[in-house]
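Participant: sequence and predicted structure are below.
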Amino acid sequence: MKKLTFAYESQSDLRILNTGHGWKVEAPQSGSRLEGGPLGEDIYQLEQFHCHWGETSAEGSEHTVDGRAYAGELHLVHWNTTKYQSFAEAAQHPDGLAVLGVFFDVGNESNDEIEKIVSTLSEIKFKGQFTDIPDVIDPTTFLPSGLGYWTYLGSLTTPPCNECVIWIVYKEPITVTEEQLVQFRCLSACSGEAEEFIVKNYRPPQPLGNRALRECNA
Ligand SMILES: Cc1cc(=S)c(O)co1
Ligand SMILES: [Zn+2]
């Protein structure tokens, strides 16, 4: 495969919302480009990023490596702007979306970029709430230093699970703290009064079936 290349803008005042299934940062970046690697000749543009986590740090990722789950997984969601006119249209096609997955390992040092997200969560405790992230966010800072990855043709992990995703999962995890994950789990799935914490929001891995899994050791 050709080398995977990416270019992102740094943005401040990005909107973060509580979707009821977790937090999501809306980051439509017309100036961003993800291309090469398994993406053929098409250019993909960043649309949003979000995260999946588990009740404990023993689980939470949506992919496992030789059966091993990580404590969570960050998803940077892109869509094919070469072929399609909108994100919604792209999500109807097998080459419509490209999602970069980054595993979370729990460690001692707090992840500064993730902390920019965590510091807003008290303002979006309930489903439907949103706020702007005052800090400047550069999506590149969420990526690991080693850029080796696995890739396969798969699906969205939330219903309707369209088979429209070229998955690109980095081999090297990034580190977050247990406290940062604890803050994720304090989000509520309800819009008010009743507190039903989003303690986990990952879809268990599905059988690979006859999908070809490829790797690139960048
Ligand atoms: C579009 C989209 C992609 C992923 S991976 C997700 O979890 C939810 O929505
Ligand atoms: Zn996801």
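Facilitator: Okay, I see it. This one's a predicted model, so the numbers in the text were calculated from it and none came from an experiment. Residues are numbered from 1 along each chain as shown. Ligands and ions are numbered 1, 2, ... in the order given.
Participant: list phi and psi for the residue most central in space within the chain.
Facilitator: For the chain, the residue nearest the mean C-alpha position is H75 (1.0 Å; Cα atoms, centre = their mean). Note on H75: backbone dihedrals following degrees, to the nearest 10 are phi -120, psi 120.
Participant: does it really touch A98, like I thought?
Facilitator: No - using Cβ atoms under 8 Å, H75 is not in contact with A98; the gap is 10.6 Å. Placement of C-beta: from N, CA and C, glycine included.
Participant: where do the helices sit along the chain?
Facilitator: 87-90, 112-118, 178-184 (DSSP state H).
Participant: check what pLDDT K2 gets.
Facilitator: Looking at K2, its pLDDT stands at 81.
Participant: list the contacts for it?
Facilitator: By Cβ atoms under 8 Å, 6 or more residues apart in numbering, the residues touching K2 are G36, G37.
Participant: 39 is where my numbering starts, stick with that
Facilitator: Let's use 39 as the start, then, which means that last one is K40.
Participant: measure it to ligand 1 for me?
Facilitator: According to Cβ to the nearest ligand atom, to the nearest Å, K40 and ligand 1 sit 24 Å apart.
Participant: T57 is in contact with F164, isn't it?
Facilitator: No - the criterion here is Cβ under 8 Å, and T57 misses it with F164 at 11.3 Å.
Participant: ok so, going back, among the helices of the chain, which is nearest ligand 1?
Facilitator: Of all these, helix 125-128 sits nearest to ligand 1, with 7.9 Å by Cβ to the nearest ligand atom.
Participant: what are the buried residues along the closest one?
Facilitator: F125, A128 (16 or more other Cβ atoms under 10 Å).
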